[in-house]
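J.: Mind folding the following:
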Amino acid sequence: MYEHFFQCPYCWEEVSVLLDPSVRKQTYIEDCETCCNPIEFQVEFESNELQMFEAQPIEQ
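T.: The predicted structure follows:
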């Protein structure tokens, strides 16, 4: 697992998420551990290296 730190698009706190480099392309939704709002993640790995990471708010 790969721990990645980012800024929440809702509360602007720095939080971390665990990423699985064995899955090359990933899109999933997870709640912010600080404010509990849903965030859509798009992640891409190549040769176990993080190539792309996006954390976008979900319109409710």
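
J.: dump the residue contacts of the most centrally placed residue in the chain.
T.: With distances taken as Cα atoms, centre = their mean, Phe41 lies nearest the centre of the chain, 4.3 Å away. By Cβ atoms under 8 Å, 6 or more residues apart in numbering, the residues touching Phe41 are 17, 26-30, 53-55. Glycine gets a C-beta too; all of them are placed from N, C-alpha and C.

J.: Counting only strands, which of those make the cut?
T.: 17, 26-30, 53-55 (DSSP state E).

J.: Which members of the residues you listed are classed as buried?
T.: Among the ones in strands among the contacts of Phe41, those scoring as buried are 17, 55 (criterion: 16 or more other Cβ atoms under 10 Å).

J.: okay, the ones in strands among the contacts of Phe41 in JSON lines with distance to Met1 and pLDDT next?
T.: Formatted as JSON lines, the ones in strands among the contacts of Phe41 follow (distance: Cβ to Cβ, whole Å; pLDDT from 0 to 100):
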{"residue": "Val17", "distance to Met1": "10", "pLDDT": "95"}
{"residue": "Gln26", "distance to Met1": "13", "pLDDT": "96"}
{"residue": "Thr27", "distance to Met1": "18", "pLDDT": "97"}
{"residue": "Tyr28", "distance to Met1": "14", "pLDDT": "96"}
{"residue": "Ile29", "distance to Met1": "18", "pLDDT": "96"}
{"residue": "Glu30", "distance to Met1": "14", "pLDDT": "96"}
{"residue": "Phe53", "distance to Met1": "14", "pLDDT": "98"}
{"residue": "Glu54", "distance to Met1": "19", "pLDDT": "97"}
{"residue": "Ala55", "distance to Met1": "17", "pLDDT": "97"}
